[in-house]
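*Asks:* could you work out the structure for the sequence below:
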Amino acid sequence: MQGKSIVLIDGVCHLCQGLVRFIVPRDPRANFMFASLQSEAAKELLRAGSLPGNQLNTVVLVENGSYYTESAAVLRIARRLRFPWPLAYVFILVPKPLRNALYRLVARNRYRWFGRDEQCLLPSPDLKRRFL
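*Replies:* Numbers count the residues shown, from 1 in each chain. Purely as a prediction, here's the structure:
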């Protein structure tokens with residue numbers, strides 16, 4: 001897993017599942033691995049990063065031993081995808097409180113707007129190799 005970043009998502013959230021399906025085809029070098037926040041692997045990673053284990057309201061990016069959440073996680077993911085997505089990283093210049101306010105608005109409403117499953121995402125055989 002050297003050089004790999006790990007994206008932790010809410011495994012029952014359709015928006016979060018869509019994020020995985022968005023990243024994979026735009027990540028031809030397979031830089032990103034994934035885990036559901038509900039999984040034991042994610043809980044261990046969250047503990048190691050001193051983050052609460054019940055934190056299902058944000059995407060978490062683990063990159064080179066650092067942990068990023070909310071808008072910082074999303075922008076750092078975009079920065080490592082195939083062009084043109086790295087251009088979105090310019091939004092890092094927007095003050096963090098404003099970026100995260102928008103992120104939290106979407107996070108609070110994600111189940112209502114995008115739906116949810118009763119159980120975690122079951123990755124296709126092709127995606128399974130990218131999950132922890």
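
*Asks:* can you give me the end-to-end distance of stretch 49-63?
*Replies:* 11 Å (CA to CA, to the nearest Å).

*Asks:* show me which residues of it are buried.
*Replies:* 51, 56, 58-63 (16 or more other CB atoms under 10 Å). In short, each C-beta sits where N, CA and C put it, glycine included.

*Asks:* what segments of the chain are strands?
*Replies:* 5-9, 32-36, 60-63, 66-69 (DSSP state E).

*Asks:* the third one pairs with which strands, and in what direction?
*Replies:* Right, the one you point to is strand 60-63. strand 5-9 (antiparallel), strand 66-69 (antiparallel) (DSSP bridges).

*Asks:* against Tyr89, how distant is Lys4?
*Replies:* According to CB to CB, to the nearest Å, Lys4 and Tyr89 sit 19 Å apart.

*Asks:* which regions of the protein sit below the pLDDT cut-off?
*Replies:* 1-3, 55, 118-126, 128 (pLDDT under 70).

*Asks:* switch to 80 and redo it
*Replies:* 1-3, 52-56, 116-132 (pLDDT under 80).
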